[in-house]
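Asker: predicted model and sequence below, questions to follow.
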Protein chains: 4
Amino acid sequence: MEPVRDDVSSVLKRRVVKPSEQRRAEILEAALKLFSSKGFHETTMEEVAHAAGVAKGTIYLYFPSKEHVLLALKRDFMQGLTTAGADIVAEAIELLEGGKDLDYRDIIDDIFDAVVDYHTKRHEAVEVVVRQSPSPDLMREALDLEREYLALVASAFRTGAEYGLVHTEDPEMTAHLVTAAIRDNIASSLCYEEPADLERLVEAAKQMLYKALAPNVEMPPRRPRLVRTKSD
Amino acid sequence: MEPVRDDVSSVLKRRVVKPSEQRRAEILEAALKLFSSKGFHETTMEEVAHAAGVAKGTIYLYFPSKEHVLLALKRDFMQGLTTAGADIVAEAIELLEGGKDLDYRDIIDDIFDAVVDYHTKRHEAVEVVVRQSPSPDLMREALDLEREYLALVASAFRTGAEYGLVHTEDPEMTAHLVTAAIRDNIASSLCYEEPADLERLVEAAKQMLYKALAPNVEMPPRRPRLVRTKSD
Amino acid sequence: MEPVRDDVSSVLKRRVVKPSEQRRAEILEAALKLFSSKGFHETTMEEVAHAAGVAKGTIYLYFPSKEHVLLALKRDFMQGLTTAGADIVAEAIELLEGGKDLDYRDIIDDIFDAVVDYHTKRHEAVEVVVRQSPSPDLMREALDLEREYLALVASAFRTGAEYGLVHTEDPEMTAHLVTAAIRDNIASSLCYEEPADLERLVEAAKQMLYKALAPNVEMPPRRPRLVRTKSD
Amino acid sequence: MEPVRDDVSSVLKRRVVKPSEQRRAEILEAALKLFSSKGFHETTMEEVAHAAGVAKGTIYLYFPSKEHVLLALKRDFMQGLTTAGADIVAEAIELLEGGKDLDYRDIIDDIFDAVVDYHTKRHEAVEVVVRQSPSPDLMREALDLEREYLALVASAFRTGAEYGLVHTEDPEMTAHLVTAAIRDNIASSLCYEEPADLERLVEAAKQMLYKALAPNVEMPPRRPRLVRTKSD
DNA sequence: TATGAATGAGGGTTCATTCAT
DNA sequence: GATGAATGAACCCTCATTCAT
């Protein structure tokens, strides 16, 4: 007679202990999937727990609240983005310092490609990070994460300008503008297919940036304005 | 015999019908204030009702659900924005058709100024419209509202390009990019003061767009790439 | 054909609106029954709601929290007790002032009987008031209610002493002692039948108090102590 | 061959066995501190474990449930009280039997002092024992513990009466009354400082008991009641 | 039309208890 | 024996929505 293995009776709900880093990751993964598909507020902790294969209470061993799960997702995404960006930027600077004769458009391409790639590979996170509303205490840290990334992008523009590779009068604001433009549209494209053709969007963005950052461009003198369109 | 009273009540009825529109507006106003300051999910219908000076049940005579209140706010905002934009664009086109010799930068200025002005005057709505999470069925209509506005902006770029006033190869994508960049940052600036200096942001945006849309710019030929920064 | 009355379909769960005073009383009554039989912490709001014939949320229209339901029960009980006691005391004082030649034991009897009667008629409340643990903020008010009653009892003793009817050197402490003795035992007797015979307890209490409060009793001089039983 | 190591481990084992009793005590001590300061229901097993310096699961090696921890505290307290009381009573009886000419008030003093002392030294336990709600199955045993102590007190009164030292017609009920009066007020005084002056309370209690238990007191004949205050 | 008392499903969170290690 | 990660039932409470008035 075949002995009934204890394991058999445990197909359902046997307590499993796992390395905490893995548990944490599983919970975040489950939360990400749900938050992105249903929205943060529309997802219950019950659902997250179920999807992560743990009990509801277990989540609270790893995160003090539902909000903190969201924050962790944001943090992971932003830190990864910042890291990825930092690599590219560092590489470009290295080449620059090495005296290589670079075409700035190649660098723009590289950065864009990296950023788009990063977002595309994490399109679930994108929706969560971009769309899910802030909320009181979360906001502070979320903004900090944001700031760090923006500082990186701005420094890239600034360095490029210092080397005469590109032209921009205000690296910080340029960073804000470019970041928002690209992220918001990638998010929208990934989540709602609006714009539907992401490659076309990216191509247009590159083209715009080529021109907007082009060095040594002589703008024609501005003619004095003849007509005021509005007066208020 | 017809009682005279009917006349009176018909007069009164007009008074009762009109307020209906006013009630709706009062509710929306109250909701806007609360949603923007506390967030949609953090605001209760009770609070909206109280702030609007009506009973909770009354709101449901005007809106089928809380979500629809939010949607109405979005609609109002987007329609107003589209209208405002349409006015500017129409005016510009009129001038163009009139053969006026315009500097495209003036038009960019006008549109930017109008858009920024519109947002600034409605900064409460901005937070709500830009930041509050999508939510299932709302998304469809919200996107429609968005599309309408984007179509307008795209048509402006297209028309400008047709007249040779500006250069852009892809008006639709350009519309997406510019809209996202400007709206997201205005929202962020208005709500979280990040970037803190809105005027500086707008100026930077204008400068970038001047260059990006500049007609007749000869881009230098792109050198063949020597170094691949990454291979994936 | 008999018209189907709308009422018929509403046997279960038809919304009923009642005067709020009545609703409140119904909720308290249900809570009292449950708290006394199962204990405060062992009773869920769900159960209270069900027993009161209302929805869970309805309770929260009348009480801000479960704790406040308990507090309301305490308040009602203590206020009723204080009122009942005040009536008896007032009556006794009236008679005294009227120069009636009273036997103080009759007054003790009257007060005891009233108090016992009040407790017996509310034996469910007794368990709740006496046994259910305090809890942070509840404690303050619970003590206040207690104090009021004790002040009444103390004033009764003091007045009696002033009239020479009884003898007590410390009316306040006497009030504390008598109140605790009687209430605790009534509660215990009513709830756990320990002591089982309430009448016997009351009789013993009366007898003790007759002697303890007897006026004009000459206590024999205390002999100097010869043996120390313990030295620590 | 027997390894010498066994000897060592047997020595160690004694060390391991003994701590078991010590562990239990440490857990109880921690629980007592927390239950008394925060309340039973407001204290988590986690907190008890932490305070006791053990893991949560360890507590369950010593007590089958949280309730049983509470019960153990009650038992310890009551047994200690009974023991302490028994010592005093035994001593008094010994003296009595030795034909010593005692003043009963000295005995009352001794008992009171011992009881007050016992409570004061364990004021944390007092709050727990007196105030924490009963709870279903705990009640039975809690009452048993109570009964034992009450039996002791009652026997003291009875013996005293047999020796003609004091007068009381119902030693059992007297025990109930005196015990409740004194314990409840000590608890209240210790926990909520109400009454604030414990010494004054004890003094009043002694004075009352001196009179209430005084032997050979002739109570005046009770006059026929003239006025009925109430008729129900 | 307007009200607001009533509803009750569902929310996030807690915590006594268990059990794999 | 000791641990503490894991469990999951149960908790109190909220609030969008309904409906008797």
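Answerer: Great, that's in hand.
Asker: does any part of the lengthiest helix in chain A sit near DNA strand E?
Answerer: Using DSSP state H, we find that the single longest helix of chain A is helix A:66-97. Yes - for helix A:66-97, a contact with DNA strand E is found by CB under 7 Å from any atom of the strand, at A:66-67. C-beta: built from backbone N, CA, C; applies to glycine.
Asker: helices and strands around that helix, which ones?
Answerer: helix A:20-38, helix A:104-121, helix A:123-131, helix A:136-162 (3 or more CB pairs under 8 Å, 6 or more residues apart in numbering or on different chains; DSSP states H and E).
Asker: could I get the pLDDT score of residue A:189?
Answerer: Per-residue confidence (pLDDT) for residue A:189: 91.
Asker: oh sorry, the question was meant for residue A:134
Answerer: So residue A:134 comes in at 64 (pLDDT).
Asker: switch the helices and strands packed on helix A:66-97 over to a markdown table; also include mean neighbour count and distance to chain D.
Answerer: Compiled in a markdown table, the helices and strands packed on helix A:66-97 are given as follows (neighbours: other CB atoms under 10 Å in any protein chain shown; distance: least, CB to the nearest CB, whole Å):
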| stretch | mean neighbour count | distance to chain D |
| --- | --- | --- |
| helix A:20-38 | 18 | 17 |
| helix A:104-121 | 18 | 40 |
| helix A:123-131 | 22 | 32 |
| helix A:136-162 | 17 | 25 |
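Asker: which residue, other than its chain neighbours, is closest to residue A:32?
Answerer: residue A:124 (5.2 Å; CB to CB, 6 or more residues apart in numbering or on different chains).
Asker: helix or strand: which one has whichever residue of chain A sits closest to chain D?
Answerer: Per CB to the nearest CB, residue A:61 is where chain A lies closest to chain D, at 11.7 Å. For residue A:61, the enclosing helix or strand under DSSP states H and E is helix A:56-62.
Asker: how far does that helix sit from the chain's center?
Answerer: From the chain centre to the centre of helix A:56-62 is a distance of 26 Å (CA atoms, centre = their mean, to the nearest Å).
Asker: flag every buried residue along that helix.
Answerer: Judged by neighbour count (16 or more other CB atoms under 10 Å in any protein chain shown), helix A:56-62 contains these buried residues: A:59, A:62.
Asker: how much space between residue A:45 and residue A:37?
Answerer: Going from residue A:45 to residue A:37 by CB to CB, to the nearest Å gives 16 Å.
Asker: if we can go back for a sec, adding distance to DNA strand F, write the helices and strands packed on helix A:66-97 out as TSV.
Answerer: Formatted as TSV, the helices and strands packed on helix A:66-97 follow (distance: least, CB to the nearest atom of the strand, whole Å):
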stretch	distance to DNA strand F
helix A:20-38	5
helix A:104-121	28
helix A:123-131	20
helix A:136-162	13
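Asker: ok, now which ones touch the nearest residue to residue A:52 once chain neighbours are set aside?
Answerer: In this structure, residue A:52 finds its nearest non-sequential neighbour in residue A:30, 3.7 Å apart by CB to CB, 6+ apart. Residue A:30 makes contact with A:48-49, A:51-53, according to CB atoms under 8 Å, 6 or more residues apart in numbering or on different chains.
Asker: including distance to DNA strand E, neighbour count and secondary structure, could those residues go into a markdown table?
Answerer: Output for the contacts of residue A:30, formatted as a markdown table (distance: CB to the nearest atom of the strand, whole Å; neighbours: other CB atoms under 10 Å in any protein chain shown; DSSP: H, G, I helix; E, B strand; the rest coil):
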| residue | distance to DNA strand E | neighbour count | secondary structure |
| --- | --- | --- | --- |
| A:48 | 8 | 23 | helix |
| A:49 | 8 | 19 | helix |
| A:51 | 13 | 17 | helix |
| A:52 | 13 | 23 | helix |
| A:53 | 15 | 14 | coil |
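Asker: restrict those residues to those near DNA strand F?
Answerer: Okay, of these, nothing touches DNA strand F (CB under 7 Å from any atom of the strand).
Asker: name the nearest of these relative to chain C.
Answerer: residue A:49 (22.7 Å).
Asker: could you list the low-pLDDT ranges of chain A?
Answerer: Of all residues in chain A, those with pLDDT under 70 make up the ranges A:1-14, A:18-19, A:133-134, A:136-137, A:226-232.
Asker: which bits of it sit near DNA strand E?
Answerer: Contact residues, chain A versus DNA strand E (CB under 7 Å from any atom of the strand): A:14-17, A:43-46, A:56-57, A:60, A:64-67.
Asker: which of the residues you listed are buried?
Answerer: Among the residues of chain A next to DNA strand E, those scoring as buried are A:43, A:45, A:66 (criterion: 16+ other CB under 10 Å).
Asker: which non-adjacent residue is nearest residue A:126?
Answerer: residue A:187 (4.8 Å).
Asker: pretty sure the one you found contacts residue A:132?
Answerer: No - with contact defined as CB atoms under 8 Å, residue A:187 does not reach residue A:132; the gap is 10.9 Å.
Asker: so residue A:69 touches residue A:28, yeah?
Answerer: Yes - at 7.0 Å, residue A:69 and residue A:28 qualify as touching, with contact defined as CB under 8 Å.
Asker: could you measure residue A:143 against residue B:196, distance?
Answerer: 12 Å.
Asker: which parts of stretch A:83-91 are buried?
Answerer: A:84-85, A:88-89, A:91.
Asker: revised request: answer the last question for stretch A:163-181.
Answerer: For stretch A:163-181, the buried set under the neighbour-count rule, 16+ other CB under 10 Å, comprises A:165-168, A:170-181.
Asker: want to throw the helices and strands packed on helix A:66-97 into TSV with distance to residue B:106?
Answerer: Formatted as TSV, the helices and strands packed on helix A:66-97 follow (distance: least, CB to CB, whole Å):
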stretch	distance to residue B:106
helix A:20-38	43
helix A:104-121	29
helix A:123-131	33
helix A:136-162	27
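Asker: minimum distance to residue B:210: which of those helices has it?
Answerer: Nearest to residue B:210, of all these, is helix A:136-162, at 17.0 Å by CB to CB.
Asker: so what secondary structure elements neighbour the closest one?
Answerer: Applying 3+ CB pairs under 8 Å, 6+ apart, one finds that helix A:136-162 contacts helix A:66-97, helix A:104-121, helix A:171-192.
Asker: how is chain A divided into domains?
Answerer: By the assignment in automatic domain parsing, chain A contains the domains A:19-62, A:66-213.
Asker: and of those, who's closest to residue D:96?
Answerer: Of all those, domain A:19-62 comes closest under CB to CB, at 62.2 Å.
Asker: ok now that closest one, how far from the chain's centre?
Answerer: Distance, centroid of domain A:19-62 to centroid of chain: 20 Å (CA atoms, centre = their mean).
Asker: what's the answer for stretch A:120-133, then?
Answerer: That offset, for stretch A:120-133, works out to 7 Å (CA atoms, centre = their mean).
Asker: re the thing from before, ok, the residue of chain A closest to chain D to residue A:67 distance?
Answerer: From residue A:61 to residue A:67 the distance is 16 Å (CB to CB).
Asker: got it, and residue A:87?
Answerer: 31 Å.
Asker: again, but for residue A:181
Answerer: Using CB to CB, residue A:181 is found at 28 Å from residue A:67.
Asker: many thanks, we can stop here.
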